[in-house]
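Engineer: Dropping a prediction and its sequence here:
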Amino acid sequence: MNLVKYLIALFIFTFSFILTFATFTFPSRAEDSEHIMRSSFATTFQIDFEGIKEVYIYRPQTFRFVTRVIYQKPDFVYTEYLEPDQLKGKIIIDDGKRRIEYLSVEDRTRILPSFNHPQMETLREMALKVVLSNFKISFLSREEMLGREVYVFELSPKNTISPSLKLWIDKETYLTLQRETYGPGGEPVFFFRYIEVEFNKEFSREKLYEKIPQTAQIKKEPPLVSYFTEKEITEKLKFPVCFPTYLPPGYVFQAGELTEEKRDVKLIYTNGLEVIVLFQRPRVNIMMRHHRWVRTDKMRIRYVTGPYGSTLVWDGEDKTFVLMGDVPVEELIKVAQSVE
Amino acid sequence: MKCRWSKENLSAYIDGELNIITGWIIKRHAKFCPECQKELNELQKISKLSKLLLIKEPEFDFYEQVREKLQQVKIAQQEKPEIAAERKSIERMWTFLPQSGKAALLVGVAALLFFLVIYPQIFPAPSLSIEQFEEEYLRSRETLPWVESPALSATLMSAERG
């Protein structure tokens, strides 16, 4: 009798232990996976971190980059290129107000709008929603990487043209330590991993600024960037805006931008991972090199494919259009044909 | 008498139109009559030459076609005076046009040529480089959280361009 009681107690203990272990170690529920994804999107603005990152891009030639990355709460990002030799010494500092790009080879500095300004949070939040609706998130395993515990996730697309991803996310900080991206055919597209990491490291921003020659003298303010909805764009522009009626699977309208003269408009569409951008402006001659032609019933389109995606250029009745995106060129042609 | 009869039938003999007996009589007479023999030889030469020249018979509508062509040529010749008259009328207009009219016409033609040919060369239409659009595209792309390493795509583009 005692033995039966003992066995029952042992079973209850074992069951409780497994349940507790599973609850605290595996993100078994979909909400937990989403929470980790959400946290990983914003983690670069919530940690003090330094790491060496190795990046491979296959398009179809293989490009390899090695960068030193520093994150400092709440909005500071420092990137220094260590490899390849022709980019060695290139530094980018984004402090939430402006973005300074120093090209060591040309000894030239550019001031651009920050990628970390508050308005970007809205875009990031939207990108996250689009990712969650376009991909099925699966928890694969728990592993150890660079002496830290990581969750391994897989993101499978719900359509046929989006890539699939595999992520290694740090359990403690939610920083993505490794990411692999595969094209619709399963071919590798992008790969990065940290080869060195150091968390909670203190450093002086001033010393980092000093790495860019004459930073103190750079007083130039970057151009202001504002994002608008489709309705706002239509109201603000001086000429009627054309919108595409077809978008590749998974893509939605993200935002619109205007130039200061309100003559040029830039419409941005996203699937959460990539963007398609449609520029339109009063008719102008656009110079392109090594382009090809495609003729449809309505138009003649010039196009070129580069490492960043494809570019299409065509003229309407009184406007010139430029369409760019990292999707198959056939999809971009469909978008171009649907512009009304 | 026989010579005369023979000469009259020589052509028929060469063309093979006579019966065997009549043909044999002419052939035998020509053998003993040098005059008829000479004429027979000449006629045979002419016959051979004429066979060589008659290579192909003309098409059945050959003469019809020739007739139509001749009519067209005639019509064309009839139109020529009209064209000439038009030319003369233009020349007359130009002659009677006052000096100021001539000057205005020349200035107009010169202006047309200038704006169509020379002006676009001096003041070309506004043009932009595609690279400006590419930079804008990459800026939008890199605002996304999972486009890793800020400015990587721009760097990649520069690397691609060499």
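Structural biologist: Noted; the coordinates are in hand. Residues are numbered from 1 along each chain as shown, chains lettered A, B, ... in the order given.

Engineer: tell me, what residue is most central in chain B?
Structural biologist: Nearest to the geometric centre of chain B sits residue B:69, at 16.2 Å (C-alpha atoms, centre = their mean).

Engineer: what sits against residue A:310?
Structural biologist: Going by C-beta atoms under 8 Å, 6 or more residues apart in numbering or on different chains, residue A:310 touches A:303-304, A:324-327, A:329, A:332. No exception for glycine: its C-beta is placed from N, CA and C like everyone else's.

Engineer: Spell out which helix or strand contains it, please.
Structural biologist: Following DSSP states H and E, one finds residue A:310 within strand A:309-315.

Engineer: go on, residue B:100?
Structural biologist: Using DSSP H and E, residue B:100 sits within helix B:99-113.

Engineer: so residue A:250 makes contact with residue A:160?
Structural biologist: No: the criterion here is C-beta atoms under 8 Å, and residue A:250 misses it with residue A:160 at 9.8 Å.

Engineer: who has more neighbours, these two?
Structural biologist: Each of residue A:250 and residue A:160 has its neighbours counted (other C-beta atoms under 10 Å in any protein chain shown); residue A:250 has more, 23 against 9.

Engineer: Which helix or which strand is home to that one?
Structural biologist: Per DSSP H and E, there is no helix or strand for residue A:250.

Engineer: ok, now the one 3 residues further on?
Structural biologist: Using DSSP H and E, the element containing residue A:253 is strand A:252-258.

Engineer: For that strand, list every residue counted as buried.
Structural biologist: A:253-258 (16 or more other C-beta atoms under 10 Å in any protein chain shown).

Engineer: Which ones, among the residues you listed, also lie beside chain B?
Structural biologist: residue A:257 (C-beta under 8 Å from any C-beta of the partner chain).

Engineer: now the buried residues of strand A:252-258 in JSON lines, with pLDDT and distance to residue A:54?
Structural biologist: Listed next are those as JSON lines, based on pLDDT from 0 to 100; distance: C-beta to C-beta, whole Å:
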{"residue": "A:253", "pLDDT": "93", "distance to residue A:54": "35"}
{"residue": "A:254", "pLDDT": "90", "distance to residue A:54": "30"}
{"residue": "A:255", "pLDDT": "89", "distance to residue A:54": "32"}
{"residue": "A:256", "pLDDT": "90", "distance to residue A:54": "36"}
{"residue": "A:257", "pLDDT": "88", "distance to residue A:54": "33"}
{"residue": "A:258", "pLDDT": "84", "distance to residue A:54": "39"}
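
Engineer: Show me the domain layout of the chain.
Structural biologist: Looking at chain A here, since you left the chain open. Per automatic domain parsing, the structural domains of chain A span A:30-219, A:230-338.

Engineer: actually it's chain B I care about, not the one you picked
Structural biologist: Domain assignment for chain B, taken from automatic domain parsing, gives B:2-54, B:125-162.

Engineer: Tell me which of those domains sits nearest to residue A:124.
Structural biologist: domain B:125-162 (5.4 Å; C-beta to C-beta).

Engineer: List the contacts of the helix holding residue B:100.
Structural biologist: With C-beta under 8 Å, 6+ apart as the criterion, helix B:99-113 contacts B:94, B:97.

Engineer: now do stretch B:11-23
Structural biologist: Residues contacting stretch B:11-23 (C-beta under 8 Å, 6+ apart): B:9, B:26-27, B:40, B:43-44, B:47.

Engineer: Let me know how buried the one residue in chain A that gets nearest to chain B is, in neighbour terms.
Structural biologist: Chain A approaches chain B most closely through residue A:285 (3.8 Å), counting by C-beta to the nearest C-beta. Residue A:285 has 12 neighbours, counted by other C-beta under 10 Å.

Engineer: So for it, what's the nearest residue that isn't a sequence neighbour?
Structural biologist: Closest residue in space to residue A:285, ignoring its immediate chain neighbours: residue B:127 at 3.8 Å, by C-beta to C-beta, 6 or more residues apart in numbering or on different chains.

Engineer: Can you verify my assumption that that neighbour contacts residue A:286?
Structural biologist: Yes: judged on C-beta under 8 Å, residue B:127 makes contact with residue A:286 at a distance of 6.9 Å.

Engineer: The two: which is more packed in?
Structural biologist: Remark: of residue B:127 and residue A:286, residue A:286 carries more neighbours, 22 against 9, as counted by other C-beta under 10 Å.

Engineer: Which strands border the helix or strand hosting the more buried one, and is each parallel or antiparallel?
Structural biologist: Assigned by DSSP H and E, residue A:286 belongs to strand A:285-287. Sheet pairing of strand A:285-287 (DSSP bridges) gives strand B:127-129 (parallel).

Engineer: The partner strand - what's its average pLDDT?
Structural biologist: For strand B:127-129, mean pLDDT is 83.

Engineer: gap between it and the chain center?
Structural biologist: Taking C-alpha atoms, centre = their mean, to the nearest Å, one finds the center of strand B:127-129 at 46 Å from the center of the full chain.

Engineer: re earlier: and for the following helix or strand past the strand holding residue A:286, what are the contacting residues?
Structural biologist: Next in sequence after strand A:285-287, counting helices and strands by DSSP H and E, comes strand A:292-295. For strand A:292-295, the external contacting residues (C-beta under 8 Å, 6+ apart) are A:300-304, A:333.

Engineer: Tell me the predicted confidence for the closest residue to residue A:167 other than its chain neighbours.
Structural biologist: Excluding the flanking residues, the one nearest residue A:167 by C-beta to C-beta, 6+ apart is residue A:153, at 4.7 Å. Note on residue A:153: pLDDT of 92.

Engineer: Specify the beta-bridge partners of residue A:153.
Structural biologist: Bridge pairing for residue A:153 - DSSP bridges - gives residue A:139, residue A:167.

Engineer: Thought residue A:141 was touching it, still the case?
Structural biologist: No: in this structure, residue A:153 is not within contact of residue A:141 by C-beta under 8 Å, at 9.4 Å.

Engineer: Right, I'll leave it there.
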